[in-house]
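K.L.:
The sequence and its predicted three-dimensional model are supplied below.
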Amino acid sequence: MGVAAVRIAVGALLAIAPRALDRGQPRPATASALLFTRTVGIRDLVLGLGTAAAAGSSQDADLRRWVLAGTLSDTLDVVAALAATRALGRRALVSALIPVPVILADLVVLAAHDRADGTPPGATTPSEPGVPAL
């Protein structure tokens, strides 16, 4: 699954080499900014590994949960960055837009799985009551 691979690659890069984002910036990142970058990387790495493992599973509900977790995480990142634009300016706005392509890819994956099994989005499966179908 492409989204999982992107999360794994970006997550690993940010976790291992947080200064990679520092290039081209007017001043070097602070220690707290580097720590924050590492934690975001670790989170994305874990979400990517979980999504990849779930994609190889026979349980569609597992994959749906992992993709939804990544989508929610990225969506909240966008909201937080947009809320910071007044204080941080243009850089926060640019940061807010970075996860948008991944969010859109997640939504495409979810819609494709819903169409593939004929289950309407948000419906539950008879075998797993209360669990949204993938």
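P.N.:
That came through fine.
K.L.:
drop to CA atoms for contacts and neighbour counts, all remaining ones
P.N.:
Noted.
K.L.:
thought Ala54 was touching Gly48?
P.N.:
No - the pair Ala54 and Gly48 does not pass the contact test of CA atoms under 8 Å, sitting 9.8 Å apart.
K.L.:
more crowded one of those two?
P.N.:
Counting neighbours by other CA atoms under 10 Å for Ala54 and for Gly48 shows that Gly48 has the greater number, 27 against 21.
K.L.:
Other residues contacting the helix or strand where that one lies?
P.N.:
Take DSSP states H and E as the rule and Gly48 turns out to sit in helix 31-55. For helix 31-55, contacts defined as CA atoms under 8 Å, 6 or more residues apart in numbering pick out 1, 3-19, 60, 62-63, 66-67, 69-70.
K.L.:
the strands in this protein, which residues?
P.N.:
Per DSSP state E, the chain carries strands over the ranges 124-125, 128-132.
K.L.:
State the distance from Ala29 to Pro18.
P.N.:
9 Å (CA to CA, to the nearest Å).
K.L.:
For stretch 19-29, list the C-alpha coordinates in PDB.
P.N.:
Provided in PDB are the C-alpha atoms of stretch 19-29 (Å, rounded to 0.1, in the frame of the first residue of the first chain):
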ATOM      1  CA  ARG A  19      17.700  18.200  10.600                       C
ATOM      2  CA  ALA A  20      16.700  17.200   7.100                       C
ATOM      3  CA  LEU A  21      13.800  19.800   7.400                       C
ATOM      4  CA  ASP A  22      16.200  22.400   8.700                       C
ATOM      5  CA  ARG A  23      17.800  23.000   5.300                       C
ATOM      6  CA  GLY A  24      17.000  26.400   3.700                       C
ATOM      7  CA  GLN A  25      15.700  27.800   7.000                       C
ATOM      8  CA  PRO A  26      16.900  31.200   8.100                       C
ATOM      9  CA  ARG A  27      18.100  29.900  11.500                       C
ATOM     10  CA  PRO A  28      18.800  26.400  12.800                       C
ATOM     11  CA  ALA A  29      16.100  24.500  14.600                       C
END
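K.L.:
Could you shift the numbering so residue one becomes 851, and keep it that way?
P.N.:
Happy to do that; since the first residue is 851 now, the last one works out to stretch 869-879.
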